[in-house]
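K.L.:
Just a sequence and a predicted model for now, questions to come.
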Amino acid sequence: MRRSVPYFWIILLCLTALAACKRSAPLRHQFETFSRGFNQCSPADENCTYLKFSYPVFTQGPNPAGLKAIQRRVMDFLLAPTGEKKASDLEGFAKDFFADFQAYRQQFPNAPQVWSLERSVDVLVEDPRILSLSFRETQFLGGAHPNSTRTLVSLNPENGAPYTLDELLLPGYLDKLNALGEKKFREVRKIPEGQGLEEAGFDFPGGKFKLNDNFAAGADGLIFYFNPYEVAAYVYGPTEVEIGYGSLKELVNRKGPLRDLAK
C-alpha cells in the first residue's frame, strides 16, 4: 500500500500539469485570403468589379468556446451583407454581391459600372490575456466616392468577449484619459493648443474633446480610431490616436488584462 502512494502523486501531478497546459494554450492563427471577380475578371484589372477578403483563422486557443466566439466575430464581419440577403459562407456572399451589382447595372445604366469591396481583419496583439483585432472595410458601390471604415476591438481569449476600458483601467480614469487623448489628437491634426477644435473643423459634442469607444490595446499603447464623418467632414479623413503605455502608468490596472503589455 505504501508503494502505491508515490504513483498516486505522480499521476495527480501529471494530470494537473496537463490541465494547466490545456488552459494556457496560446492563441495561434494563420491568414487566409478570398478573392472573386465578376465574370471571373481579375481584381488587378481597371474595370473589374471584385471583392477581396483577408482574415485570420484561429487554430489554437486557451478555450474552445472562446476560440469559436472569436472566429464567429471574424466571419460575421466578413459576411455582413451589402444588400438584403445574409449569406452563410464566402462563396454565397460573392454570389449575392455580384447579383446585386448586375441588378444595379440594369437599373442605372448611366451610373459608374464598377464596384469593389475589400475587407480585412488584422491581428494587432496576440497576448495570453488579450487579443486585439482591426476590422477594415473599403467599398465603392456606385456612390460619389469610396467609403472606408475601421473598427478596433480587444477580446478576452478565454471567452471571446470584448473588453471595456473599465476592465483595463483603474476607476476614475476617464478625465485623465480624455486629456491625454486630446493632446495626441492635436499633435496628429497639428492643432495649436489655443485653437478650438470646432474652429479647426472638428465637431465634438459641446466643442469638448472626447475619446470614442472604437479602441484596442496595441503593442505600445491604447489605440483610438475616428472614422471619416465621425468628428469631421469626409475630406478630413480618419484620425488615429495612440496613447503610449508610458503615459498611462497611473491609469492601467496592473492586475488586469494589460499587466503584461503595459510593463
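P.N.:
Received, thanks.
K.L.:
Tell me how far the most centrally placed residue in the chain lies from Glu193.
P.N.:
Centroid-nearest residue in the chain, with C-alpha atoms, centre = their mean: Ser134, separated by 2.6 Å. Noted for Ser134: a distance of 30 Å to Glu193, by C-beta to C-beta, to the nearest Å. For every residue, glycine as well, the C-beta is placed using N, CA and C.
K.L.:
cool, and Thr151?
P.N.:
For Thr151, the distance to Glu193 - C-beta to C-beta - is 31 Å.
K.L.:
now do Leu222
P.N.:
In terms of C-beta to C-beta, Leu222 sits 22 Å off from Glu193.
K.L.:
who's more crowded, those two?
P.N.:
Leu222 (30 against 7; other C-beta atoms under 10 Å).
K.L.:
Isn't that one up against Gly246?
P.N.:
No - using C-beta atoms under 8 Å, Leu222 is not in contact with Gly246, being 11.7 Å away.
K.L.:
Nearest spatial neighbour of Asp220, chain-adjacent residues omitted?
P.N.:
Gly244 (5.8 Å; C-beta to C-beta, 6 or more residues apart in numbering).
K.L.:
Could you do Lys249 as well?
P.N.:
Ala262 (7.7 Å).
K.L.:
Can you say which helix or strand has that neighbour in it?
P.N.:
Using DSSP states H and E, Ala262 sits within no helix or strand.
K.L.:
is it true that it touches Tyr245?
P.N.:
Yes - counting by C-beta under 8 Å, Tyr245 is a contact partner of Ala262 at 4.0 Å.
K.L.:
Show me which of these two is the more surrounded one.
P.N.:
Higher neighbour count among Ala262 and Tyr245: Ala262, with 22 against 18, using other C-beta under 10 Å.
K.L.:
so what pLDDT did the more buried one get?
P.N.:
According to the prediction, Ala262 has pLDDT 90.
K.L.:
any idea how far it is from Phe204?
P.N.:
27 Å.
K.L.:
now swap in Glu250 and tell me
P.N.:
25 Å.
K.L.:
So if I had to pick from the two, which one is more boxed in?
P.N.:
Using other C-beta under 10 Å, the more surrounded residue of Glu250 and Phe204 is Phe204, with 15 against 10.
K.L.:
Which residues are in contact with that one?
P.N.:
197-198, 210, 231 (C-beta atoms under 8 Å, 6 or more residues apart in numbering).
K.L.:
In terms of residue numbering, what are the domains of the protein?
P.N.:
24-139, 165-248 (automatic domain parsing).
K.L.:
For the protein, which segments are assigned as strands?
P.N.:
28-37, 50-60, 116-127, 130-140, 147-155, 215-217, 221-226, 239-244 (DSSP state E).
K.L.:
The last one pairs with which strands?
P.N.:
By that I understand strand 239-244. strand 221-226 (antiparallel) (DSSP bridges).
K.L.:
List the contacts of the strand it pairs with.
P.N.:
124, 150-152, 168, 181, 211-212, 214-217, 232, 238-248.
K.L.:
Stretch 162-170 too?
P.N.:
Contacts for stretch 162-170 (C-beta under 8 Å, 6+ apart): 130, 153-156, 173, 177, 215, 217, 222, 248, 250-253, 256-258.
K.L.:
same question, stretch 177-184
P.N.:
Residues contacting stretch 177-184 (C-beta under 8 Å, 6+ apart): 165, 169, 209-211, 224, 241-243, 247-248, 251.
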